[in-house]
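In: A predicted structure for the sequence below; I have some questions about it.
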Amino acid sequence: MSDLTKEINRRRTFAIISHPDAGKTTLTEKFLLYGGAINLAGSVKGKATARHAVSDWMEIEKERGISVTSSVLQFEYDGYCINILDTPGHQDFSEDTYRTLMAADSAVMVIDASKGVEPQTRKLFKVCGMRGIPIFTFINKLDRDANDTFDLLDEIEKELGITTCAINWPIGSGKAFKGVYDRESKSIVTFSDTEKGTKEGTTNIVPVADEASLVATIGQEAADKLLEEIALLDGASEEFDIEAVRNGKLTPVFFGSALTNFGVEIFLQHFLKMTTTPLPRKADIGVIDPVENNFSAFVFKIQANMNKAHRDRIAFMRICSGKFDASAEVRHVQGNKVMRLSQPQQIMADERKILDEAYAGDIIGVFDPGIFSIGDTLCAPKEKFVYDGIPTFAPEHFARVRQVDTMKRKQFLKGVEQIAQEGAIQIFQEFNTGMEEIIVGVVGMLQFEVLKYRLENEYNVEIRLETLPYEHIRWIENKDDIDISKLVGTSDMKKVKDLKGNPLLLFVNPWSIGMVLDRNKGLESSEFGRW
Ligand code: G4P
């Protein structure tokens, strides 16, 4: 095997998704602990500190103590090179969170055992489902009283429409949480005290067939309950099928407590074995294999304002194939230019490291003088192909935006357009009148604040936002076959167009979408647009 193949095959690139507070940050920290990348001894970092450490790029983040932007963490474990894409975990998340999932090969879904499936889990899950990537479930906080284990699995299946397969099973919860039962080895695994999670735990393994030892380890009551649950589980549950996992049809489920490190390392070990090496990706010339092809990458995120004084931007790209060599030239396909990427770096939490090389599966950030757009492809100078576009995700909040000082129209338009180009907001115009009226659509409400803040600080334009009642959007897919002006709508529908002139419909009520489709036979619509 060549060195290139070896390097690529040992990479695992995934995102962690969860509803806020389910334990994403804590689990990530514990992965780093087992990977030897951080030393937590003495103090487990609180959420506030952890979040501040992730990124302090924008004042808003500091003021509100949250992270608007996502970052990438790379560490080594057991010969694997792991890239974790961190998705901001706040309620007010943005389209960036969704786009980050476009750069991942699999996702780890963290669920709070006392809460079950929560709204944000549902939304993020939908995007993972759209890509058909493998999804692994870690049910967390078993050190607190948890919902019934069977009920939790049932809820995931019903709410998210994915089959579950428990890889291990919790023994009790709350104060009675003793460890997990590993179904493959038919053994229980108990954990030693990890001093509130500050050090790696050690494990004790007992086969359930050895009933005397089982009872001696977890007590008669817990042993009886466990044996009964195992019988039920083995009778009722889905067979493990790695193909179904790879296609995102079946989610392997694990239990544990990120806070106390119980079950974290077992999860990591199983997960690394089951998840995929960097996946091939579709381009206009066919599927690009990560190992067989020369360097290629696509831009999935643009972060403005890393340094306010220079108004600089960093373009984040996911390497899809081959090796990136900082000294070699690459082709920016959309810009039709061959160039050397400027200051390629790995952005890890609050530190940046200049890179000489990177491989398929890795994420790099490069200095962007304003030439890159989301979805752009980079490849070897002699090649020319483009990766399939990244979807633009349906905004759920809309507002009409006006500048307060009418003399500043030009700066206002420039600012709004640039911020939209970075993907922080989507902008729409009235279908007939054009740019006089600008409607902004966002995935999370916080983006309105970011927009206001950035226009004031970077473009010196004060704006007024008037929120609109629309919550649903549909792009018209077959716009050439449809006469938009003759479309029969509903009273709560509004026709608008995006920056490229594509027609869209906004709705207040979800049921109006069906009504409009009914009233206009042949109309094809989609929740997603394309960059
Ligand atoms: P998030 O990134 O998904 O938003 O969640 P985060 O890891 O920040 O965890 C949210 C809260 O839940 C934190 O408590 C954290 O300590 C706690 N937590 C995480 N995993 C576990 C677990 O396995 N068991 C228990 N009992 N708690 C867990 P906090 O009080 O909000 O913050 P902190 O100041 O204690 O860090």
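Out: Done, it's in. If you're wondering where the values come from, they're calculated on a predicted model, not measured in any experiment. Numbering: from 1, shown residues only.

In: what about residue 372, neighbour count?
Out: 22 (other C-beta atoms under 10 Å). Using the backbone N, CA and C atoms, a C-beta is placed for each residue, glycine as well.

In: same thing with residue 121?
Out: Residue 121, neighbours per other C-beta under 10 Å, totals 23.

In: quick check, it in a strand?
Out: No - per DSSP: H, G, I helix; E, B strand; the rest coil, residue 121 lies outside any strand segment and is helix.

In: Looks like it contacts residue 18 (just checking).
Out: Yes - at 6.2 Å, residue 121 counts as touching residue 18 under the criterion of C-beta atoms under 8 Å.

In: ok, residue 298 - contacts?
Out: 281, 317-318, 320, 375-378, 387, 390 (C-beta atoms under 8 Å, 6 or more residues apart in numbering).

In: ugh, typo on my part, it should be residue 104
Out: With C-beta under 8 Å, 6+ apart, residue 104 has these contacts: 13-15, 85, 133.

In: how close does it sit to the ligand?
Out: 17 Å (C-beta to the nearest ligand atom, to the nearest Å).

In: Skipping its backbone neighbours, what lies nearest that residue in space?
Out: residue 15 (4.0 Å; C-beta to C-beta, 6 or more residues apart in numbering).

In: and what of residue 317?
Out: residue 297 (4.2 Å).

In: ditto for residue 202
Out: Here the residue nearest residue 202, using C-beta to C-beta, 6+ apart, is residue 192, at 4.7 Å.

In: wait, what's in contact with residue 358?
Out: 319, 323-324, 344, 346, 364.

In: ugh, wrong one, residue 382
Out: Residue 382 neighbours (C-beta under 8 Å, 6+ apart): residue 331.

In: ok, now the one 3 residues further on?
Out: Counting by C-beta under 8 Å, 6+ apart, residue 385 makes contact with 283-285, 288, 296, 333, 377, 379.

In: from those residues, which would you call buried?
Out: Listed as buried from those are 283, 288, 296, 333, 377, 379; burial here means 16 or more other C-beta atoms under 10 Å.

In: ok, the residues you listed vs residue 427, which is closest?
Out: Using C-beta to C-beta, residue 377 comes nearest to residue 427 of those, at 24.1 Å.

In: Next, residue 265: secondary structure please.
Out: Relying on three-state DSSP, one would call residue 265 helix.

In: same check, this time on the one 5 residues further on
Out: When the structure is reduced to helix, strand and coil (three-state DSSP), residue 270 reads as helix.

In: In terms of pLDDT, where does it sit?
Out: With respect to pLDDT, residue 270 scores 95.

In: do the same with residue 58
Out: 49.

In: so the residue nearest to residue 104 makes contact with residue 82?
Out: No - counting by C-beta under 8 Å, residue 82 is not a contact partner of residue 15; they are 12.0 Å apart.

In: would you list every one of the strands in the stretch 101-250 of the chain?
Out: Using DSSP state E, counting those that start in this stretch, the strands of the stretch 101-250 of the chain run over residues 106-112, 135-140, 163-166, 168-171, 179-182, 187-191, 203-207, 250-255.

In: okay, those strands, which one's buried deepest?
Out: Ranked by average neighbour count under the criterion mean count of other C-beta atoms under 10 Å, the strands of the stretch 101-250 of the chain are headed by strand 135-140 at a mean of 26.

In: C-alpha coordinates for it, PDB please?
Out: Provided in PDB are the C-alpha atoms of strand 135-140 (Å, rounded to 0.1, in the frame of the first residue of the first chain):
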ATOM      1  CA  ILE A 135     -25.200   8.100  11.800                       C
ATOM      2  CA  PHE A 136     -24.000   6.700  15.200                       C
ATOM      3  CA  THR A 137     -26.000   7.400  18.300                       C
ATOM      4  CA  PHE A 138     -24.500   8.000  21.700                       C
ATOM      5  CA  ILE A 139     -27.100   8.100  24.400                       C
ATOM      6  CA  ASN A 140     -25.600  10.300  27.100                       C
END
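
In: Can you spell out which helices and strands pack onto it?
Out: Applying 3 or more C-beta pairs under 8 Å, 6 or more residues apart in numbering; DSSP states H and E, we find strand 135-140 packed against helix 24-34, strand 106-112, helix 119-131, strand 250-255, helix 264-274.
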